[in-house]
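Trainee: got a predicted model here, sequence first, then my questions.
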Amino acid sequence: MSTKSIKGTQTENLLVQAYIAESTAYTRYIFYAKQAGKEQYFPIQQIFQETADNELHHAKVFFKYLEGGKVTATGCYDSGVIGTTLQNLRTASEEELHEGVEFYSKAAIVAESEGFPEIASHFSAIAKVEMSHRRRFERYIRQVEEGTVWKREHPVKWQCLVCGYIHEGTTPPEECPACDHPYQHYMALDIYDD
């Protein structure tokens, strides 16, 4: 941790904005995960939950740099609605780009210019994570639109989210041979490929 105080700096304000944005992203993705589950998009539910967990950890990174006291943060935050899973994926993709990649890239420059290289490094690293989140959301947007969440042109590995059984093929089995759950509980492991 830096020994130089951030009190009253632009970096402090950016850290507070980042903490708020990550905290709201966490809760938004929890809501989106529940919606995906209602629509039986269990792999997307899993990704929203995983991303929510990442956002919570990002919030902690930023929170740990704050020094306490009151800070007036100037930011623009999505008031949001819970839509369909497809709508939620689109919102999430845009949020990852604007509140994540673009904002953190600019924040890194400010932190560096104010003499906080360690904070700048964290902003830059988390911007890269947010880009990965965006790419996953974009893949799922295409798959939902094209009806290919559970269909591939070439064989891939599919994992049952209930019992962990791995199946290889262009589609998951209609019913898991290990736990009898239907195909909606399978996730294509290619979603993590970049």
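Mentor: Everything's here; your move. Residues are numbered from 1 along each chain as shown.
Trainee: verify the stated contact: residue 127 with residue 108.
Mentor: Yes - applying CB atoms under 8 Å, one finds residue 127 in contact with residue 108, separated by 7.0 Å. C-beta coordinates here come from the backbone N, C-alpha and C atoms, glycine included.
Trainee: and those two? which has more neighbours close in?
Mentor: residue 108 (23 against 19; other CB atoms under 10 Å).
Trainee: quick one: list the elements packing against the helix or strand where that one lies.
Mentor: Using DSSP states H and E, residue 108 sits in helix 103-113. Here helix 103-113 touches helix 10-38, helix 117-146, going by 3 or more CB pairs under 8 Å, 6 or more residues apart in numbering; DSSP states H and E.
Trainee: can you list contacts of the helix or strand just after the last one?
Mentor: Sequence-wise, the next helix or strand beyond helix 117-146 is strand 156-160, with elements assigned using DSSP H and E. Outside of strand 156-160, the residues within contact range by CB atoms under 8 Å, 6 or more residues apart in numbering are 150, 165-172, 176, 178-179, 181, 185-190.
Trainee: kindly recompute the last result at 10 Å.
Mentor: Strand 156-160 is contacted by residues 42-43, 46, 150, 152, 165-173, 176-181, 183, 185-191, 193 when judged by CB atoms under 10 Å, 6 or more residues apart in numbering.
Trainee: so where's the protein uncertain?
Mentor: Scanning the chain for pLDDT under 70 picks out 1-2, 75-79, 192-194.
Trainee: and the helix holding residue 108, what's buried?
Mentor: By neighbour count with 16 or more other CB atoms under 10 Å, helix 103-113 contains the buried residues 103, 104, 107, 108, 110, 111, 112.
Trainee: so which of the contacts of strand 156-160 belong to helices?
Mentor: Counting by DSSP state H, these place 42, 43, 46 in helices.
Trainee: got a markdown table for the helices and strands packed on helix 103-113, with distance to residue 65 too?
Mentor: A markdown table is the format used below for the helices and strands packed on helix 103-113 (distance: least, CB to CB, whole Å):
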| stretch | distance to residue 65 |
| --- | --- |
| helix 10-38 | 5 |
| helix 117-146 | 6 |
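Trainee: out of these, deepest packed?
Mentor: Per residue and on average, the most neighbours among these fall to helix 10-38, with a mean of 20 (mean count of other CB atoms under 10 Å).
Trainee: what's the angle from that one to helix 103-113?
Mentor: Interaxial angle of helix 10-38 relative to helix 103-113 (axes from the mean of the first three to the mean of the last three CA atoms, to 10 degrees): 160 degrees.
Trainee: centre of the chain to helix 10-38, how far?
Mentor: 9 Å (CA atoms, centre = their mean, to the nearest Å).
Trainee: report all helices and strands that that helix contacts.
Mentor: helix 42-65, helix 85-95, helix 103-113, helix 117-146 (3 or more CB pairs under 10 Å, 6 or more residues apart in numbering; DSSP states H and E).
Trainee: perfect, that will be all.
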